[in-house]
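Asks: output the structure for:
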Amino acid sequence: MSNKKSDIKQKTLMVQGTTSDAGKSTLVTALCRWLVRQDYSVAPFKPQNMALNSAVTAEGGEIGRAQAVQAKACHLAPHIDMNPVLLKPNSDSGAQVIIHGKAIANMEARFYHDYKTTAMQAVLVSHQRLSEQYDLVIVEGAGSPAEINLRDRDIANMGFAEAVDCPVILIADIDRGGVFAHLVGTLALLSASEKARVKGFVINRFRGDIGLLQSGLDWLEQETGIPVLGVLPYLHGLHLEAEDAINSAQPLSNHKQLNVIIPVLPRISNHTDFDPLRLHPQVNLQFIGPDQIIPPADVIILPGSKHVRADLDWLKKQGWQDTINTHLRYGGKVIGICGGFQMLGQLI
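Replies: Model prediction:
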């Protein structure tokens, strides 16, 4: 094993996606676990994460939920160096900025753009520490590297890859449709040096006859000169905690006994807290979005919020106050979590 480890020429590998939710978190998690099984010491890393769902490390610092899951895949305890910059939106144009696990300020987007050069230093310090401790660091990008309006001072995708001089795997979700356009279009928007970093493609969530896909794979490799490293199947029932997007899919069951509804607040926080209910075979859990009809339920849960007063005003405008009063009058139950619990009080 010592010879195999001595052959490592590049300690860092980055996974970037053509879109959000392309499968970056899943692929990084899988690579981490596989490499650990090959007896490498591995650490996950995400330079910058924007999400309202966070995990807390043993030291009390906040990092993205995906990095906590990836740490588990590596048989490691989550650490603040695995996600040195975490942005938790608290308005349409601003976010709470968390550096090395600690909230430092609330910043508007324009001000944070200027702050990125400082944030990059925190990113590079954390990456260096992990590189010194582990054989390999598997990095997850954010969103897409082709967001040309965000390329200046980028710390989340190619800006980081260029800074640490690491190779990149580009993953795309075929289940969304347009996978070849996603991959070729992303490449077209990269600079020459960034394109050279892309060493392979991975196509995610494929279902059907792989033989019918082969001609497309052949064309893609011929067109770009970049190999397709793998095609990942659509995994029904796969559950990894979401970073931001609400997953409303539930296991099929004919024996659901408890109906639970949750309003999707504009600034909902830590909605993955409800995953155990969503995945329970006897619970019918529904997230109710803006302007949707509010169905009858046994339990209403008010979730956490990054802006309690604004989300309480939104609830009232959406008719939830009258719905909750009627629900209670007929014996229904209401639970509040974190900011949702504050909303149930007399004053905020």
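Asks: according to the record, where do the domains of this protein fall?
Replies: 2-233, 258-343 (automatic domain parsing).
Asks: roughly how far apart are the nearest residue to residue 261 once chain neighbours are set aside and residue 22?
Replies: If the residues on either side of it in the chain are set aside, residue 261 comes closest to residue 297, at 4.3 Å by C-beta to C-beta, 6 or more residues apart in numbering. Where you see a C-beta, it was placed from the backbone N, CA and C, and this is true even at glycine. Distance from residue 297 to residue 22, counting by C-beta to C-beta, to the nearest Å: 34 Å.
Asks: quick one, helices of the stretch 51-200 of the chain?
Replies: Ranges of helices in the stretch 51-200 of the chain, per DSSP state H, counting those that start in this stretch, are 65-73, 109-133, 158-164, 179-188, 192-197.
Asks: where's the last one relative to the chain centroid, distance-wise?
Replies: Its chain's C-alpha centre and that of helix 192-197 lie 25 Å apart, by C-alpha atoms, centre = their mean, to the nearest Å.
Asks: hey, which of the helices of the stretch 51-200 of the chain is tucked in deepest?
Replies: Among those, helix 65-73 has the highest mean neighbour count (mean count of other C-beta atoms under 10 Å), at a mean of 23.
Asks: state the mean pLDDT of it.
Replies: Helix 65-73 carries an average pLDDT of 95.
Asks: also stretch 142-155?
Replies: 93.
Asks: how about that stretch: buried residues?
Replies: 142, 143, 144, 145, 146, 150, 151, 154, 155 (16 or more other C-beta atoms under 10 Å).
Asks: quick one: which of those is nearest residue 222?
Replies: When the buried residues of stretch 142-155 are compared for distance to residue 222 (C-beta to C-beta), residue 146 wins out at 21.5 Å.
Asks: contacting residues for the closest one?
Replies: 18, 185, 186, 189, 190 (C-beta atoms under 8 Å, 6 or more residues apart in numbering).
Asks: return the residues in contact with the last one.
Replies: This points to residue 190. Residue 190 touches 145, 146, 158, 198, counting by C-beta under 8 Å, 6+ apart.
Asks: tell me how far the last one lies from residue 164.
Replies: Plainly put, residue 198 is 15 Å away from residue 164 if you go by C-beta to C-beta.
Asks: got a list of what residue 50 touches?
Replies: Counted by C-beta under 8 Å, 6+ apart, residue 50 has contacts 86, 87, 88, 89, 95, 142, 244.
Asks: residue 12 is in contact with residue 140, isn't it?
Replies: No: with contact defined as C-beta atoms under 8 Å, residue 12 does not count as touching residue 140 (11.8 Å).
Asks: and the residue nearest to residue 261, how many neighbours?
Replies: 20 (other C-beta atoms under 10 Å).
Asks: quick one: it and residue 262 touch, right?
Replies: No: using C-beta under 8 Å, residue 297 is not in contact with residue 262, being 9.4 Å away.
Asks: overlap in contacts, these two.
Replies: residue 286.
Asks: follow-up on the earlier one: pick out whichever of residue 12 and residue 140 has more residues nearby.
Replies: A direct count of neighbours by other C-beta under 10 Å for residue 12 and residue 140 places residue 140 higher, at 29 against 19.
Asks: if we can go back for a sec, check the contact lists of residue 12 and residue 140 and give me the overlap.
Replies: residue 45.
Asks: right, and out of the buried residues of stretch 142-155, which lies closest to residue 293?
Replies: Nearest member of the buried residues of stretch 142-155 to residue 293, counting by C-beta to C-beta, is residue 143, at 32.3 Å.
Asks: ok, and the closest non-adjacent residue to the closest one?
Replies: Per C-beta to C-beta, 6+ apart, closest to residue 143 is residue 20, 5.1 Å.
Asks: low pLDDT regions in the stretch 101-250 of the chain?
Replies: Flagging of the stretch 101-250 of the chain using pLDDT under 70 yields the residue ranges 239-250.
Asks: cross the buried residues of stretch 142-155 against strands and list the overlap.
Replies: Using DSSP state E, no member of those sits in strands.
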